[in-house]
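[1] predicted structure and sequence below. I'll ask about it afterward.
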Amino acid sequence: MNILQNAALLLITSTAFSCAYAQTTTDETSAGSGIGSYCIKDRTNKGIVKNLWFEYAEGTLMNGVPRRMCQITNGDNMGLVDAGIFFSKDPSIAATYLSRGVAVEKLPPFDPNKWATPSHQFCALLNGIEMSASGGWVTSKHGAQNDLCTFADGSALSIYTLIYTSMDRKFLGIVSKIKATPLNINLPYSR
């Protein structure tokens, strides 16, 4: 290929990628990819797939693959978990924590001198990473930031969702809808 052919191929490829990227910047409420149909939807809980990107504090969205999360709501209650937990039987750390629950009573008190938020502290105690000290996970530029704890296997969830489901196993119907198999390993603070 000559330089002009390479440039044309690059232009076509980047245009196609830009169009595909632009189409994924909104919430995915349809079951076009099949994932939307797995988020919890019953007579009391409403679940939709949300694409989340990381946004730094100054408002810069990361250009990368979005996290596909199920956001489940019921009135003022909201849960946010990795969408894969509901449609795949593949084991994950997030699914294992949700399935077993966390011994909330054994978690140390929040230390504001060491941690930005309680979710930062609890995520770190569970060997996860939460990057929201410098920004947060958003659905659109300057949107509301979501706490998101990511584990070594790439699975993720909101720490607050994990704590609520640990205290109330029926919270938003999350635990009963998990398809992912729990891992057969010891995890910090899991039941």
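    Good, I have the coordinates.

[2] and the pLDDT at Gly36?
    In the prediction, the pLDDT value recorded for Gly36 is 62.

[3] how about Asn63?
    At Asn63 the predicted local confidence, pLDDT, stands at 57.

[4] tell me where the chain has helices.
    Taking DSSP state H to define them, one finds helices in the chain at 3-23, 84-87, 93-100, 118-125, 159-167.

[5] same for the second one, what does it pack against?
    Think helix 84-87. On a contact count with 3 or more C-beta pairs under 8 Å, 6 or more residues apart in numbering; DSSP states H and E, helix 84-87 meets strand 67-74, helix 93-100. No exception for glycine: its C-beta is placed from N, CA and C like everyone else's.

[6] mean pLDDT for the helices of the chain: which is lowest?
    Here those differ in mean pLDDT, and the lowest is helix 3-23 at a mean of 31.

[7] identify the residues contacting the nearest residue to Ile159 once chain neighbours are set aside.
    In space, and not counting its chain neighbours, Ile159 is closest to Ser119: 4.1 Å by C-beta to C-beta, 6 or more residues apart in numbering. Ser119 makes contacts with Glu130, Ser132, Asp147, Cys149, Ser158, Ile159, Tyr160, as judged by C-beta atoms under 8 Å, 6 or more residues apart in numbering.

[8] identify the farthest-apart pair in the residues you listed.
    Distances among the contacts of Ser119 were taken as C-beta to C-beta; the most separated pair is Ser132 and Tyr160, at 12.1 Å.

[9] okay, and the common contacts of those two?
    Common neighbours of Ser132 and Tyr160, counting by C-beta under 8 Å, 6+ apart, are Ser119, Asp147.

[10] list the contacts for Lys106?
    Going by C-beta under 8 Å, 6+ apart, the list of residues near Lys106 reads Tyr189.

[11] so how many other residues sit close to the residue lying closest to Thr165 once chain neighbours are set aside?
    In space, and not counting its chain neighbours, Thr165 is closest to Phe171: 4.7 Å by C-beta to C-beta, 6+ apart. Residue crowding around Phe171 was assessed by other C-beta atoms under 10 Å; the count is 19.

[12] so Phe171 touches Ile163, yeah?
    No - Phe171 sits out of contact with Ile163 when judged by C-beta atoms under 8 Å, with a separation of 9.5 Å.

[13] picking that back up, how much space separates the residue nearest to Ile159 from Tyr189?
    Separation of Ser119 from Tyr189 (C-beta to C-beta, to the nearest Å): 14 Å.
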